[in-house]
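Student: What follows is a predicted structure for the sequence shown.
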Amino acid sequence: MPGFYQKTIKREIQFKGVGLHNGKKVNIKLVPAAPNHGIVFKRTDLKTKNLIPAIVDNVSNAVLCTNIQNEFGATVSTIEHLMGALYGEEIDNLLVEIDSSEVPIMDGSAKEFIKQIRETGTKNYDTTRKFIKVLKKCELVVDNKFISIEPYENDLKIDFEIVYKNQLISTQRKSVRLSNDNLDSVYNSRTFCLFEDIEKIKRLGLGKGGSLENAIVVDDNKVLNKEGLRYKNEFVMHKILDCMGDLMLANYKILGEVRCSQGGHQLTNALLKKFLSDSKYFSVMEFKEKRFPNSQFYNRPVAVNA
């Protein structure tokens with residue numbers, strides 16, 4: 001079970017890098033925030049109307065990454081690895097100052113985000129968390145892709161499967177419980193692509209900052225990165241990291257089980273929107289004491305105000 005009280009970080013943390021898709025240099029600062037602030041991005045390169053709450057209602061695009069946009073058109077993309085790190089480390093409140101339109105890709109994983117967050121430490125408030133408790137199964141099927149969310153007590157469980165024709169990647173499946181399992185291998189797993197898909201990605205105007213320093217590239221049955229894989233199942237574990245990051249956009253921690261086969265950002269975001277659009281699927285719980293009988297129920301998560 002996740003902790004009962006809201007968290008932020010003890011002090012500011014800074015990162016710099018390059019955007020995977022726009023190829024631009026970017027500086028990012030994580031700033032502690034007050035209870036009930038949520039995760040909010042601030043585009044410091046824009047003078048006004050530059051706050052973008054990280055909530056699913058603000059997802060504007062989910063092709064190869066997750067992009068959020070505020071009502072004035074300000075955007076931030078490729079937020080999923082940072083958001084996955086924040087979910088796993090149970091950080092609820094943060095101002096993310098960023099001077100470009102894309103979160104730096106770092107080494108293609110959440111490894112550096114986690115390292116700095118853990119070194120800095122977190123701060124607990126005496127303000128209780130709210131949780132989204134899944135009451136009824138909700139699912140989506142698109143062609144051969146499938147995703148669902150269903151009841152599961154006291155934690156978020158993610159069960160993810162990938163199926164590739166490529167023999168090196170092949171079929172991989174992994175499940176994790178976010179509060180009970182060691183997530184380091186998930187955090188450390190890098191984004192990946194097939195060599196044959198690189199030109200397609202570039203034609204979409206994406207991948208301008210991609211390299212073997214920040215992505216695994218698979219050519220037939222060979223990994224082109226000199227150091228090889230960090231884990232045999234690094235591919236599916238990175239998909240779990242992505243899924244965690246997208247689920248963080250629910251605004252509250254989820255008590256339920258997500259099952260996915262051959263999905264990605266688009267499918268996860270579509271499921272989350274469907275799930276949160278109908279209160280028959282969930283209740284929002286606040287634990288006034290550290291036990292279930294004293295929970296209170298609400299109709300729906302409250303959006304973060306910019």
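Tutor: Yep, it's here. Everything numeric in this text was worked out from a predicted model, so none of it was measured.

Student: what stretches of the stretch 1-150 of the chain score poorly on pLDDT?
Tutor: Applying pLDDT under 70 to the stretch 1-150 of the chain flags no residue at all.

Student: 90 instead?
Tutor: 1-3 (pLDDT under 90).

Student: ranges for the helices of it?
Tutor: 80-88, 111-120 (DSSP state H, counting those that start in this stretch).

Student: So which of those is the most surrounded?
Tutor: Neighbour counts (mean count of other C-beta atoms under 10 Å) averaged over each of the helices of the stretch 1-150 of the chain peak at helix 80-88, with a mean of 27. Any C-beta I mention is one placed from the backbone N, CA and C, and that applies to glycine too.

Student: what's that one in contact with?
Tutor: 39, 54, 65-66, 94, 96, 103, 105-106, 109-110, 113-114, 117, 178, 183, 186-187, 191, 241-249, 253, 265 (C-beta atoms under 8 Å, 6 or more residues apart in numbering).

Student: among the residues you listed, which ones are buried?
Tutor: For those, a neighbour count by 16 or more other C-beta atoms under 10 Å gives the buried set as 39, 54, 65-66, 94, 96, 103, 105-106, 109-110, 113-114, 117, 178, 183, 186-187, 191, 241-249, 253, 265.

Student: To residue 154, which of the helices of the stretch 1-150 of the chain lies closest?
Tutor: Proximity to residue 154 (C-beta to C-beta) singles out helix 80-88 among the helices of the stretch 1-150 of the chain, at 16.1 Å.

Student: Tell me what angle the closest one forms with helix 111-120.
Tutor: 40 degrees (axes from the mean of the first three to the mean of the last three C-alpha atoms, to 10 degrees).

Student: Report the backbone C-alpha coordinates of helix 80-88 in CSV.
Tutor: Output of helix 80-88 as CSV, limited to C-alpha atoms (Å, rounded to 0.1, in the frame of the first residue of the first chain):
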residue,chain,number,x,y,z
GLU,A,80,6.6,9.9,-19.2
HIS,A,81,10.0,8.8,-17.8
LEU,A,82,10.0,11.6,-15.2
MET,A,83,6.4,11.0,-14.4
GLY,A,84,7.1,7.3,-14.0
ALA,A,85,9.9,8.1,-11.5
LEU,A,86,7.6,10.4,-9.6
TYR,A,87,4.9,7.7,-9.4
GLY,A,88,7.2,5.0,-8.2
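
Student: Now for residue 92: which residues touch it?
Tutor: Each residue near residue 92 by C-beta under 8 Å, 6+ apart is listed here: 6, 7, 8, 35, 38, 39, 129.

Student: Also residue 244?
Tutor: So residue 244 contacts 83, 84, 87, 88, 158, 178, 186 (C-beta under 8 Å, 6+ apart).
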